[in-house]
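Engineer: Requesting a structural model of the entry that follows:
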Amino acid sequence: MFLARQSAAAAVTALLLIAGAFFVFLFSVVDSQAQGPLGSCEDAAELAVLPSPIAPWKGAPLRVLFAAEKPLEGELSLIAPDGRVAARSRERLGGPPYFWFAEVASPAVGTWQAKLARDHAPAECSTITREIAVRGDKPAPPRATEGSVWPVRNTWNRATENLYSAWIEKLFDAPLDAAPSWKALHEVLRDGSRNFLFNHLGLGEDQMGLVIRPDCADLPYFLRAYFAFKMGLPFGYAKCTRGSGGEPPKCHEWWNIQVEEPRPSPPEQRIASGAPFEMLRPPGANPASGPAVTPPAPAAKPSGPPPRPPGLAAGFGHYLRFTVADGVHSGSGRTAGSDDNTDYYPVPLNQETLRPGTVYADPYGHLLVLVRRVAQSEGAAGVFLAVDGQPDGTVARKRYWRGNFLFAQDPALGGPGFKRFRPIVRERNGVLRRLTNDEIAKHPQYGDYSLDQSRLGIEDFYDRMDDVMSPAPLDPLRAMTEAITALEEQVKVRVTSVENGRKWQSSGRGAADMPDGASIFETTGAWEDFATPSRDLRLLIAMDVVRGFPDRVARRPERYAMPKDKSVADVKAQLESVLASELSARKFSYTRSDGSAWTLAVKDVIDRAAELEMAYNLNDCVELRWGAPAKSDEASTCKRYAPGAQRAKMTQYRTWFHERRRPPRA
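Structural biologist: Numbering: from 1, shown residues only. Here you go, the predicted model:
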């Protein structure tokens, strides 16, 4: 393991090897010893400290994050050069990794101290101290280098992975009962209160107006690339098939920031959502067709992506827009678990491995990123939270549950389940490569490659996840209520998706084309952005899960804290009664075609399951997309219907939705 050392005044990296574990202190930290020898303090192993920005100075907020592998208790303090405590925090987040965060808006010039005062620790290592030099003048920012999209100065290891997890969790943090959603990823990255690495490089890189709208497949790569760019870490991606003919996706090429993929001319692939990453576009230019051409000259044909603009930040933006977004898709996540030539590798299902940043590969073509684990507490089940991207650019946080995280075992679908990014290492000659599955399994900083998920049936997978989230038996009523809440969140997310389609309809662009066959689930353009076949199939499955919850409790009563004075049949009957009342009580509203609001209960959506099997076409009015009964008051404002040929195809494809299965790819 190695780390490039910056100048002592601006950015110094300290690397300590203590008690067989790595302590990594990244960027701008002057080496200093903790109070007392740390060799006897094994519970503090693998502690990482990261100040930001890369070269602290008085004109930028000073942010400090401590990340630990084990659940230490204590208080983080930032102490000014005059000895005053400028900021402190006892709030420990995460788990694992566990981390503390503190910030000073206007740091004074001089040597600061970041101190973690540990509770219940041996006296010789009760306080861990790191010094941080804050300059008076703005330092020169890093520059682009020849032969790499950005310079590589660090390596992926347990410390940088822990910092990545902590950054992900803080980026999407919100109260547990909230369901935050953003119109695009750049809304999150531009928020300095969320983004620990905001303007980390001192380039004003997060204030350049970058527009970042990843879909579900892009989102994990965009997050990983963003963190790698800021931290000077290796990054790459594989070119994979989507899988067909009964075979899972396979990857035949791997490209990285030092060996870039040659770009075809004209481009062979278009970004699904139109313009997920627009940046520094010349005035008057059309992002779809290029600069306007004055008639009567014929329109110029696209000649491939424009040259990469100069500058480190601008080059990064170009790389995301024209390289990464065009290079990856959902098949990249569904590769077989035993395949070494992939970007992701499968991990065992336990609390230690399912960390923020872990990716979930849905067998039917959706990817989600874990952002937080909430431990089980007395009376409350454990929870995993994740974010995903949608074709319209929306990024939303949602709970792990069977309705959002589909699982199936079919070789033709590939390897589903939880996976992590494969570590990329730099050889002595500077060449980048990915670790193999065997190397990961034996690596002291990782060691978490596992094929356990590939051996699980569907029910076994969900049972295992229940055990991971909540090791202690759950109150059956509370567990069901949380499932209903998850369904309600999913329904409300659909409100946004359907509303986006209504707005597209109102733009007067005419009827959108409908693909044929299985392509309705994977295409480009308006259909991909605003039709909802994949989302509706998931919603139908989610409704089945909630309706079947009482039966699930009866099937596995040992998993629940069953009342001693009630039989399994009694508990099931009580659950069925509460289920009916809860579904009726939970309300939401959608906007009808005329702009008026109409309120439904979640029960209405479940009762309309049959209608929702044909409610995904964006060319239909929103009333029809919510299953409004014909000739009802609710449907009276409907004025738009999909063309007859499209309705005929939907009738033909209805079996897929009725049987809750996605068809195989051609």
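Engineer: where in the stretch 351-500 of the chain is pLDDT low?
Structural biologist: Low-confidence segments of the stretch 351-500 of the chain (pLDDT under 70): none present.
Engineer: same thing but 80
Structural biologist: Within the stretch 351-500 of the chain, the ranges that satisfy pLDDT under 80 run 379, 392.
Engineer: Tell me which stretches of it form strands.
Structural biologist: 359-361, 367-374, 383-389, 395-399, 417-421, 424-426, 432-434 (DSSP state E, counting those that start in this stretch).
Engineer: Show me what the second one pairs with in its sheet, parallel or antiparallel.
Structural biologist: So that's strand 367-374. Here strand 367-374 has these sheet partners by DSSP bridges: strand 359-361 (antiparallel), strand 383-389 (antiparallel).
Engineer: Off-centre distance for the longest one?
Structural biologist: I take that to be strand 383-389. Distance, stretch centre to chain centre, for strand 383-389: 7 Å (C-alpha atoms, centre = their mean, to the nearest Å).
Engineer: tell me the angle of it relative to strand 417-421?
Structural biologist: Calculated by axes from the mean of the first three to the mean of the last three C-alpha atoms, to 10 degrees, strand 383-389 forms an angle of 70 degrees with strand 417-421.
Engineer: what's the angle from strand 383-389 to strand 395-399?
Structural biologist: 160 degrees.
Engineer: Please enumerate the helices of the stretch 201-350 of the chain.
Structural biologist: Ranges of helices in the stretch 201-350 of the chain, per DSSP state H, counting those that start in this stretch, are 218-231, 312-319, 325-327.
Engineer: which of the ones you listed sits most buried?
Structural biologist: Most buried of these, by mean neighbour count (mean count of other C-beta atoms under 10 Å): helix 218-231, with a mean of 24. The way it works is simple: take the backbone N, C-alpha and C, and place the C-beta from them, glycine included.
Engineer: and the angle from it to strand 417-421?
Structural biologist: Here helix 218-231 runs at an angle of 30 degrees relative to strand 417-421 (the same axes, to 10 degrees).
Engineer: let's have the chain start at 826 instead
Structural biologist: Renumbered: residue one is now 826, and that last one reads helix 1043-1056.
Engineer: what's helix 1043-1056 packed up against?
Structural biologist: Under the contact criterion of 3 or more C-beta pairs under 8 Å, 6 or more residues apart in numbering; DSSP states H and E, helix 1043-1056 touches helix 983-996, helix 1010-1014, helix 1137-1144, strand 1192-1199, strand 1208-1214.
Engineer: Now do that helix: distance to the chain's middle.
Structural biologist: Chain-centre distance of helix 1043-1056: 10 Å, with C-alpha atoms, centre = their mean.
Engineer: Dump the C-alpha coordinates for that helix into PDB.
Structural biologist: Taking C-alpha atoms only, helix 1043-1056 is exported to PDB below (Å, rounded to 0.1, in the frame of the first residue of the first chain):
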ATOM      1  CA  ASP A1043     -24.900   5.200 -14.100                       C
ATOM      2  CA  LEU A1044     -25.500   6.100 -10.400                       C
ATOM      3  CA  PRO A1045     -23.100   3.700  -8.700                       C
ATOM      4  CA  TYR A1046     -20.400   4.500 -11.300                       C
ATOM      5  CA  PHE A1047     -20.900   8.300 -11.000                       C
ATOM      6  CA  LEU A1048     -20.700   8.200  -7.200                       C
ATOM      7  CA  ARG A1049     -17.500   6.000  -7.300                       C
ATOM      8  CA  ALA A1050     -15.900   8.100 -10.000                       C
ATOM      9  CA  TYR A1051     -16.700  11.400  -8.200                       C
ATOM     10  CA  PHE A1052     -15.100  10.100  -5.000                       C
ATOM     11  CA  ALA A1053     -12.100   8.700  -6.900                       C
ATOM     12  CA  PHE A1054     -11.700  12.000  -8.700                       C
ATOM     13  CA  LYS A1055     -11.600  14.000  -5.500                       C
ATOM     14  CA  MET A1056      -9.400  11.600  -3.600                       C
END
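Engineer: tell me the mean pLDDT for it?
Structural biologist: Average pLDDT, helix 1043-1056: 98.
Engineer: Run through who's touching it.
Structural biologist: Here helix 1043-1056 makes contact (C-beta atoms under 8 Å, 6 or more residues apart in numbering) with 851, 974-975, 979, 985, 988-989, 992-993, 1010, 1014, 1022, 1025-1026, 1037, 1039, 1058-1060, 1062, 1101, 1141, 1144-1145, 1149-1150, 1153, 1157-1158, 1168, 1182, 1184, 1192, 1194, 1212-1214, 1220, 1246.
Engineer: possible to save the helices of the stretch 1026-1175 of the chain as CSV with distance to residue 1365?
Structural biologist: What follows is the helices of the stretch 1026-1175 of the chain, written out as CSV (distance: least, C-beta to C-beta, whole Å):
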stretch, distance to residue 1365
helix 1043-1056, 24
helix 1137-1144, 39
helix 1150-1152, 30
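Engineer: thinking residue 1448 is in contact with residue 1459, fair?
Structural biologist: Yes: contact criterion C-beta atoms under 8 Å: residue 1448 and residue 1459 qualify, at 6.0 Å.
Engineer: hey, where'd the strands end up in the stretch 976-1125 of the chain?
Structural biologist: Secondary structure of the stretch 976-1125 of the chain, counting by DSSP E, counting those that start in this stretch: strands at 1006-1007, 1036-1037, 1061-1065, 1076-1081, 1102-1103.
Engineer: what about the stretch 926-1075 of the chain, any weak spots by pLDDT?
Structural biologist: Within the stretch 926-1075 of the chain, the ranges that satisfy pLDDT under 80 run 949, 1070.
Engineer: hang on, residue 1390 in a strand?
Structural biologist: No: using DSSP: H, G, I helix; E, B strand; the rest coil, the assignment for residue 1390 is coil, not a strand.
Engineer: Contacts only, for it.
Structural biologist: Here residue 1390 is in contact with no residue (C-beta under 8 Å, 6+ apart).
Engineer: Check which helix or strand the nearest residue in space to residue 1336 that is not next to it in sequence maps to.
Structural biologist: Computed as C-beta to C-beta, 6 or more residues apart in numbering, the closest residue to residue 1336 that is not its neighbour in sequence is residue 1444, at 4.7 Å. Applying DSSP states H and E as the criterion places residue 1444 outside every helix and strand.
Engineer: Run through the residues that contact residue 1444.
Structural biologist: Counted by C-beta under 8 Å, 6+ apart, residue 1444 has contacts 1330, 1336, 1337, 1339, 1465, 1466, 1467, 1468, 1471.
Engineer: No more questions from me, cheers.
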